[in-house]
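Q: From the sequence below, what's the structure:
(chains A and B)
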Amino acid sequence: MSSRAYLSIENLGVTFDAGGRASEVLRGVDLTVDQGEFISIIGHSGCGKSTLLNVVAGLIPVSMGAVIVDKRAVDAPGPDRAVVFQNHSLLPWLTVYENVRLAVDKVFRGAKSRAERHEWTLHNLALVQMLHAKDKKPAEISGGMKQRVGLARALAMEPKVLLLDEPFGALDALTRANLQDSLMEIHAKLGNTVLMITHDVDEAVLLSDRIVMMTNGPAAGVGEVLRVDLARPRNRVEVDGQAAYLAARHAVIEFLYARHQGLRPAA
Amino acid sequence: MSLPAMSLEPAPPDAPSVQRAEIVALPRRPVAGRAARVAKAVAGQVLPPLVTLAVIMLLWQGLTSASGAGLPSPAAIWRDSRELILNPFFDRGGVDKGLFWHALTSLKRVAVGFSLAAVVGVALGVLVGSSRMAHRGLDPIFQVLRTVPPLAWLPISLAALHEAQPSALFVIFITAVWPIVINTAVGVRNIPQDYVNVGRVLRLSPPEYFVTILLPAATPYIFTGLRIGVGMSWLAIVASEMLLGGVGVGFFIWDQYNASRISDIVVALVWVGLVGYALDRLVALLGRIVSRGVAAS
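A: As a prediction, this is how the structure comes out:
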């Protein structure tokens, strides 16, 4: 089974060496993801979910076990695992277009002609509905728009796995709902394999095929994996109140607050 | 300013219709209001320094007009050095030139020494900022060397280079280089981890990373260093020229002191101050143009 999986995390352990004192963040994490699947990772603050994502991205080295994407072990960052960071991390001295173009030029230099790269950049900006702001600097657009551009930059790399690190965490509820809808549309259209970190239960249930619930650190691991049995395309209004939705929501809340309460109060 | 209120007043009493009075009044009010506001803003900017200047002049005149005062009063300076003040462009050969030529010569030296310091300083700063070992090895030495006063370098550079001209350039260089190195290093070390991660995910090569991320991210810091550096190099040039001789504001001041023409020195000091201020503004402006957008994030 694990040989067929597109992304597989096998017995992953991560230990940080903090000034001579080893601190074990993740231990024995196993997870397999099929191509096109949308996976959310949820857990309390400090449980190591961001660490897990960064390991898949290659930004943090594996201490034990392995991360395998499309039959190749991850040992460094690369555009095949594009990341949308929580605080957008657009380069402020480049315009919206230039931020996406930078990624397009880097990934498709040689594979696409200059004109094709230009078209591809515009295509991805159109996909996230940001074509109208292509010549603006990041400082001139709203937080939600910045995340859209960050998403466009990641999508433009045509990643094997799209990694989202609490992408909508810093946004207000309405903007967040808007972006979630856009993300669902894009996922339906392109069929990306997505790994998303979130701390929002509704977001996890609405967007995911499966929700990975993590136990509390130190030495956190996968506590439970929940399959969300809701037909796609999903509509937030229609889904709300359905038995499957409520059941999934309840299961996650029960896991987070009844069985694995945050160890550090109000952390 | 009561201008806007006045422009409204004629309307109500005997206007043909209330509507028309409003139509006339509305476009007028903002125009008058804007002119008044601009005038007020300009006055608010220009008046305080002018008032301060006048007060200083008066105090100065009062303190130095008594007979036996060591320094000339403003009136005496005007009497003694009128030609120097009014005609900065005369050139009678040798060192007998207008202050513009002296300042220009000094500025040329600063341009050479400072450009060199900028290139070397940014390069060293990038090295110290991006390599931990380079930081550990070089930073303590830089911190010690940067406290050496410019003039203390002069005998060393004269001994090493034997000639006045390159020694003056070296003094400018060595004075200006430290703030550039240190600020650049801080800028490079403070590049947000997010930008670094973007570079890693995109697999930017070291030269690509340098051009697309490191340099723009550190630009505000680099320009802070350049601004401090240009100010310090102007300090150094005046001091080193005093000892080296030839054309230049520094030597001009020393020369006039030996000729007991204190009035001319005061005029030269004003030039030194204004040129230094202009240099500072120039680098600040350049920095604002180059790093537009970065600071706004």
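Q: residues touching the residue of the stretch 151-267 of chain A found nearest chain B, list them.
A: Of all residues in the stretch 151-267 of chain A, A:Met157 sits closest to chain B, with a separation of 8.0 Å (C-beta to the nearest C-beta). Using the backbone N, CA and C atoms, a C-beta is placed for each residue, glycine as well. Contacts for A:Met157 (C-beta atoms under 8 Å, 6 or more residues apart in numbering or on different chains) come out as A:79-80, A:82, A:103-104, A:107, B:202.
Q: what's next to the host helix or strand of A:Asn178, contact-wise?
A: Counting by DSSP states H and E, the element that carries A:Asn178 is helix A:173-190. Helix A:173-190 is contacted by residues A:38, A:127-129, A:142-144, A:147-148, A:151, A:155, A:167-168, A:171, A:192, A:194, A:200, A:203, A:206-207, A:232-234, A:236 when judged by C-beta under 8 Å, 6+ apart.
Q: Among those, which ones are in helices?
A: A:127, A:143-144, A:147-148, A:151, A:155, A:203, A:206-207, A:236 (DSSP state H).
Q: Identify the farthest-apart pair in these.
A: Greatest spacing in those, by C-beta to C-beta: A:Leu155 and A:Arg236 (21.8 Å).
Q: Can you measure across stretch B:141-149, start residue to end residue?
A: Stretch B:141-149 has an end-to-end distance of 15 Å (criterion: C-alpha to C-alpha, to the nearest Å).
Q: now swap in stretch A:165-181 and tell me
A: 17 Å.
Q: Kindly report the residues of the stretch 51-200 of chain A close to chain B.
A: Taking C-beta under 8 Å from any C-beta of the partner chain as the contact definition, the stretch 51-200 of chain A meets chain B at A:57-59, A:76-79, A:81-83, A:85, A:87, A:89, A:91-93, A:102-103, A:106-107, A:137-139, A:157.
Q: related to what we said a few turns ago, show the model's pLDDT score for the residue of the stretch 151-267 of chain A closest to chain B.
A: Looking at A:Met157, its pLDDT reads 94.
Q: And A:Thr121, by the same measure?
A: 96.
Q: can you give me the angle the strand or helix carrying it makes with helix A:173-190?
A: Using DSSP H and E, A:Thr121 sits in helix A:114-127. Orientation check (axes from the mean of the first three to the mean of the last three C-alpha atoms, to 10 degrees): helix A:114-127 against helix A:173-190 gives 130 degrees.
Q: Report the buried residues of helix A:114-127.
A: A:117, A:120-125, A:127 (16 or more other C-beta atoms under 10 Å in any protein chain shown).
Q: contacting residues around the residue of the stretch 101-250 of chain B found nearest chain A?
A: In the stretch 101-250 of chain B, the residue that lies nearest chain A is B:Asp194 (3.5 Å; C-beta to the nearest C-beta). Counting by C-beta under 8 Å, 6+ apart, B:Asp194 touches A:85, A:87, A:89.
Q: run the last query once more with 6 Å
A: With contact taken as C-beta atoms under 6 Å, 6 or more residues apart in numbering or on different chains, B:Asp194 is in contact with A:85, A:89.
Q: And the helix or strand hosting it, what's buried?
A: Following DSSP H and E, one finds B:Asp194 within helix B:193-201. Neighbour counts using 16+ other C-beta under 10 Å place B:194-201 of helix B:193-201 among the buried residues.
Q: now swap in stretch A:222-238 and tell me
A: Result for stretch A:222-238 [16+ other C-beta under 10 Å]: buried residues A:222-223, A:226, A:228, A:230, A:234.
Q: contacts for that stretch?
A: Contacts for stretch A:222-238 (C-beta under 6 Å, 6+ apart): A:29, A:188, A:205-206, A:208, A:210-213, A:215, A:239, A:244, A:248, A:251, A:255.
Q: Would you point out the most distant pair within the residues you listed?
A: Among the contacts of stretch A:222-238, A:Ala188 and A:Thr215 lie farthest apart (C-beta to C-beta), at 31.7 Å.
Q: Show me which of those two is the more surrounded one.
A: A:Thr215 (18 against 13; other C-beta atoms under 10 Å in any protein chain shown).
Q: per-residue pLDDT, the closest residue to the more buried one other than its chain neighbours?
A: The shortest distance from A:Thr215 to any non-neighbouring residue, by C-beta to C-beta, 6 or more residues apart in numbering or on different chains, is to A:Gly223 (4.2 Å). For A:Gly223, the model assigns a pLDDT of 88.
Q: Doesn't A:Gly223 belong to a helix?
A: No. Secondary structure assignment (DSSP: H, G, I helix; E, B strand; the rest coil) places A:Gly223 in strand, not in a helix.
Q: which residues touch residue 89?
A: This is for chain A. B:194, B:198.
Q: meant chain B, my bad for not saying
A: B:98, B:100.
Q: mind putting the contacts of A:Met157 in a markdown table, distance to B:Arg92 included?
A: Shown next, in a markdown table, are these (distance: C-beta to C-beta, whole Å):
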| residue | distance to B:Arg92 |
| --- | --- |
| A:Pro79 | 69 |
| A:Asp80 | 75 |
| A:Ala82 | 71 |
| A:Ala103 | 65 |
| A:Val104 | 65 |
| A:Val107 | 68 |
| B:Leu202 | 63 |
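Q: Show me which pair in those is furthest apart.
A: Taking C-beta to C-beta, no two of these sit farther apart than A:Asp80 and A:Val104, at 14.5 Å.
Q: quick one, which of those two is more surrounded?
A: A:Val104 (26 against 18).
Q: A:Glu119 is in contact with that one, correct?
A: No. In this structure, A:Val104 is not within contact of A:Glu119 by C-beta atoms under 6 Å, at 9.7 Å.
Q: Looks like A:Thr95 contacts A:Ala133 (just checking).
A: No. Applying C-beta under 6 Å, one finds A:Thr95 not in contact with A:Ala133, separated by 8.8 Å.
Q: Now list whatever residues contact both of those two.
A: Contacts common to A:Thr95 and A:Ala133, judged by C-beta under 6 Å, 6+ apart, are absent.
Q: ok, the residue nearest to B:Ser167 when sequence neighbours are not counted - how many residues close by?
A: Nearest non-adjacent residue to B:Ser167, counting by C-beta to C-beta, 6+ apart: B:Ser157, 4.2 Å away. Per other C-beta under 10 Å, the neighbour tally for B:Ser157 reads 20.
Q: Can you tell me the SS state at B:Ser157?
A: helix.
Q: need the contact list for it.
A: B:167, B:170-171.
Q: so where's chain B uncertain?
A: B:1-32, B:292-297 (pLDDT under 70).
Q: Please repeat the previous calculation with a cut-off of 80.
A: By pLDDT under 80, the weakly predicted segments of chain B are B:1-33, B:66-69, B:93-95, B:243, B:245, B:291-297.
Q: Helices of that one, start to end?
A: Using DSSP H, helices in chain B cover B:3-8, B:11-14, B:18-64, B:74-80, B:82-86, B:99-130, B:132-145, B:150-161, B:164-189, B:193-201, B:206-209, B:215-244, B:249-258, B:262-290.
Q: would you turn those helices into TSV with distance to A:Ala66?
A: Shown next, in TSV, are the helices of chain B (distance: least, C-beta to C-beta, whole Å):
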stretch	distance to A:Ala66
helix B:3-8	75
helix B:11-14	83
helix B:18-64	66
helix B:74-80	82
helix B:82-86	80
helix B:99-130	31
helix B:132-145	29
helix B:150-161	58
helix B:164-189	33
helix B:193-201	20
helix B:206-209	28
helix B:215-244	34
helix B:249-258	68
helix B:262-290	45
